[in-house]
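*Asks:* predicted model follows, preceded by the sequence.
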Amino acid sequence: MTDPRRLIPRTDAVLADLRLAEALARLGRGRVKAAVGDAQRRVRQGVITPAQVVESALDELTGSGPRRVVNATGVLLHTNLGRAPLSRTAIEAVRAAAGTTDVELDLATGRRGRRGRAAMAALARAVPGAGDVHVVNNNAAALVLAATALAQGREIVVSRGELVEIGDGFRLPDLIVSTGARLREVGTTNRTSVADYAEAIGPDTGFVLKVHPSNYRIEGFAATPDVGELAGLGVPLVADAGSGLLRPDPALPDEPDAATWLAAGADLVTASGDKLLGGPQCGLLLGSAGLIDRLRRHPLARALRVDKLTLAALEATIEGPPPPTTLALHAEPVELLARARTLAVRLADKGLAAEAVASVARVGGGGAPCVELPSAAVALDESLAAVLRLGEPPVLGRVERGRLLLDLRAVAPSDDQVLFDAVVAVCG
Ligand SMILES: *Cc1c(COP(=O)(O)O)cnc(C)c1O
C-alpha cells in the first residue's frame with residue numbers, strides 16, 4: 001500500500017489551481033505559498049488527504065484579516081461589526097492618504113504644519129461654535145486625555161446616574177480613575193440636582209463631567225440637570241456626548257449634538273467618530289481654545305494621536321456626501337419594504353421560502369437606545385442563520401420569533417445584489 005504522505009502535491013501544481021487565482025491576485029504569491037506549505041505539512045502529518053490541499057490552503061487564506069460582512073442585523077452601528085462603514089469618498093481619501101502625504105507639513109512654507117490641519121479645519125467649520133478642536137484615537141481616549149490634563153490628582157464631579165459601562169466590561173469610572181483623577185460622585189442613580197454638583201465643587205475640582213446615557217435610560221421618578229444648568233458653576237464643564245452628532249438630527253430629537261451643547265455652555269464636548277457621525281474610529285474634542293490647547297500640548301496627546309488614514313477619512317466624512325450610517329438612519333420605510341419585496345420575489349424564484357416583512361431596526365453601538373426605526377426585512381427559515389454567517393461574504397441577520405430576518409436598513413441599496421448572491425450561493 002502506498003503511504004498517502006508520499007503523494008503530497010507539488011507546490012507548483014497546487015499554485016496553478018484556478019481556485020487559488022483570486023487569493024494569489026489579492027494576497028500575493030508569498031502569502032499563498034506559505035499557506036500551501038502549511039497544507040502540505042498537514043498532509044505529511046496525516047491530518048488531511050492530498051486531495052484536500054487546495055481547500056485547506058484556501059480556508060487558511062480566507063480566514064485571515066478582517067473580512068467583509070453584510071450587516072443585515074437591523075442594528076446600524078454594531079460594535080462587533082466595526083461600527084460605521086465609511087463612505088465611498090472616505091474610502092478614496094484613505095487610499096490617497098496611504099502613501100506619502102503632507103499630514104504634518106505646510107506645503108506653502110515647507111515647514112512643519114499642524115498635524116491633520118485639513119481634518120481639524122473641516123471639523124471646526126462643521127461646528128463654528130467650537131473655539132478649537134482636537135482628534136484622538138477614540139472617545140475613551142478623549143476622556144482619558146481630558147481627565148489627565150485637567151484633573152490629574154484632583155476631582156471630577158459626576159452624577160451617580162452617569163457612571164456607565166460602555167461595553168465589553170469597560171466602565172467609564174475605572175477609565176477615569178486610571179488617569180489619577182478622583183471621582184467625586186454626587187446625587188443618586190435616578191435623581192441629581194444642580195445643588196448636588198454645586199455643593200461638591202471646591203478648590204480640588206478639576207471639572208464637572210456630564211455623560212450622555214447613550215446605551216440606557218433612567219425613567220420614572222428621575223431628573224438630572226442638562227448641560228445649560230451645569231454651565232454656570234464656575235469650573236470647566238466637560239460633556240461626553242457619545243454618539244458624535246455635530247448638529248441636531250431631526251430623526252433623533254433626544255440625541256445630543258456638539259453644536260447645541262457648546263451653545264448651551266459646555267467648555268469641552270467629547271464624542272466618537274465612528275458612531276452617528278459615520279466616520280472612522282476616533283475621538284472628537286471640541287471646545288474652548290484654551291482647554292484644547294492644554295490637551296494638545298500634554299505629553300499623553302502624542303500617545304493618543306491618530307493616524308493619517310483616520311484624519312483623511314474623518315475630513316472626507318465631514319465634508320463629503322452623507323455617509324452610509326446617515327443614509328441608513330434616514331431611509332424611508334416604504335423604500336425599505338419595496339427592496340425587501342423585490343429580494344423576496346427573486347429568492348422565491350430560486351425556490352427559497354422567502355417573505356418580505358415589516359421589522360424594527362435600531363441605532364445600536366451606544367446611541368439612541370430607545371429609538372425604534374421602522375424597517376423591512378426578508379424573512380427566511382431560522383436554520384439558515386448559521387450557514388449564511390459562514391457564507392461568502394458572511395451575512396448576519398437577526399433571529400426573531402423562529403425566523404431569520406435579513407433587515408435592510410443597515411444594508412446599502414447597492415449591496416442588495418451582494419446579499420442576494422450570498423443567500424443563493426449557500427441556500428439556492
Ligand atoms: C460609545 C461611548 C463611549 C466610548 O466611545 P469609544 O469611541 O468607543 O471609545 C464613551 N462615552 C459614551 C457616552 C459613549 O456613548
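*Replies:* The structure has been received and is ready for your questions.

*Asks:* so who does the residue of the stretch 201-350 of the chain found nearest the ligand touch?
*Replies:* For the stretch 201-350 of the chain, the residue closest to the ligand is residue 242, as judged by CB to the nearest ligand atom, at 2.6 Å. The way it works is simple: take the backbone N, C-alpha and C, and place the C-beta from them, glycine included. Applying CB atoms under 8 Å, 6 or more residues apart in numbering, we find residue 242 in contact with 139, 211, 212, 214, 256, 271, 272, 275, 366, 367.

*Asks:* can you show me the helices along the stretch 251-400 of the chain?
*Replies:* Counting by DSSP state H, counting those that start in this stretch, the stretch 251-400 of the chain has helices at residues 258-263, 289-297, 299-303, 308-319, 324-329, 333-349, 384-389.

*Asks:* okay, the ones you listed in CSV with mean neighbour count and distance to residue 106 next?
*Replies:* Rendered in CSV, the data for the helices of the stretch 251-400 of the chain read as follows (neighbours: other CB atoms under 10 Å; distance: least, CB to CB, whole Å):
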stretch, mean neighbour count, distance to residue 106
helix 258-263, 22, 27
helix 289-297, 16, 17
helix 299-303, 13, 20
helix 308-319, 24, 15
helix 324-329, 22, 32
helix 333-349, 17, 46
helix 384-389, 17, 49
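
*Asks:* I'd say residue 208 and residue 197 touch.
*Replies:* Yes - using CB atoms under 8 Å, residue 208 and residue 197 qualify as a contacting pair, with a distance of 5.9 Å.

*Asks:* so for these two, which residue has more residues nearby?
*Replies:* Neighbour totals were compared for residue 208 and residue 197, and residue 208 leads with 28 against 24 (other CB atoms under 10 Å).

*Asks:* distance of residue 168 from residue 145?
*Replies:* 21 Å (CB to CB, to the nearest Å).

*Asks:* nope, residue 236 is what I was after
*Replies:* Taking CB to CB, one finds residue 236 at 14 Å from residue 145.

*Asks:* checking the most centrally placed residue in the chain next. Helix, strand or coil?
*Replies:* When the chain is reduced to its mean C-alpha position, the closest residue under CA atoms, centre = their mean turns out to be residue 83, at 2.6 Å. The three-state assignment at residue 83 reads coil, by DSSP: H, G, I helix; E, B strand; the rest coil.

*Asks:* returning to what we had before: residue 168 and residue 145: who's more crowded?
*Replies:* The residue with more neighbours, out of residue 168 and residue 145, is residue 145; 25 against 7, by other CB under 10 Å.

*Asks:* in three-state terms, label the more buried one for me.
*Replies:* Strictly by three-state DSSP, residue 145 counts as helix.

*Asks:* which residues of the stretch 1-150 of the chain lie near the ligand?
*Replies:* Contact residues (CB under 6 Å from any ligand atom) of the stretch 1-150 of the chain with the ligand: 138, 139, 140.

*Asks:* out of those, who has the most neighbours?
*Replies:* Result: residue 139 is most packed of those (other CB under 10 Å), 28 neighbours.

*Asks:* what distance do you get for residue 341 to residue 190?
*Replies:* Counting by CB to CB, the gap between residue 341 and residue 190 amounts to 45 Å.

*Asks:* coming back round to it: in JSON lines, list the contacts of residue 242 along with pLDDT.
*Replies:* Output for the contacts of residue 242, formatted as JSON lines (pLDDT from 0 to 100):
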{"residue": "139", "pLDDT": "96"}
{"residue": "211", "pLDDT": "96"}
{"residue": "212", "pLDDT": "94"}
{"residue": "214", "pLDDT": "82"}
{"residue": "256", "pLDDT": "96"}
{"residue": "271", "pLDDT": "97"}
{"residue": "272", "pLDDT": "97"}
{"residue": "275", "pLDDT": "96"}
{"residue": "366", "pLDDT": "65"}
{"residue": "367", "pLDDT": "77"}
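
*Asks:* farthest pair in those?
*Replies:* Using CB to CB, these reach their maximum pairwise distance at 211 and 275, which is 14.4 Å.
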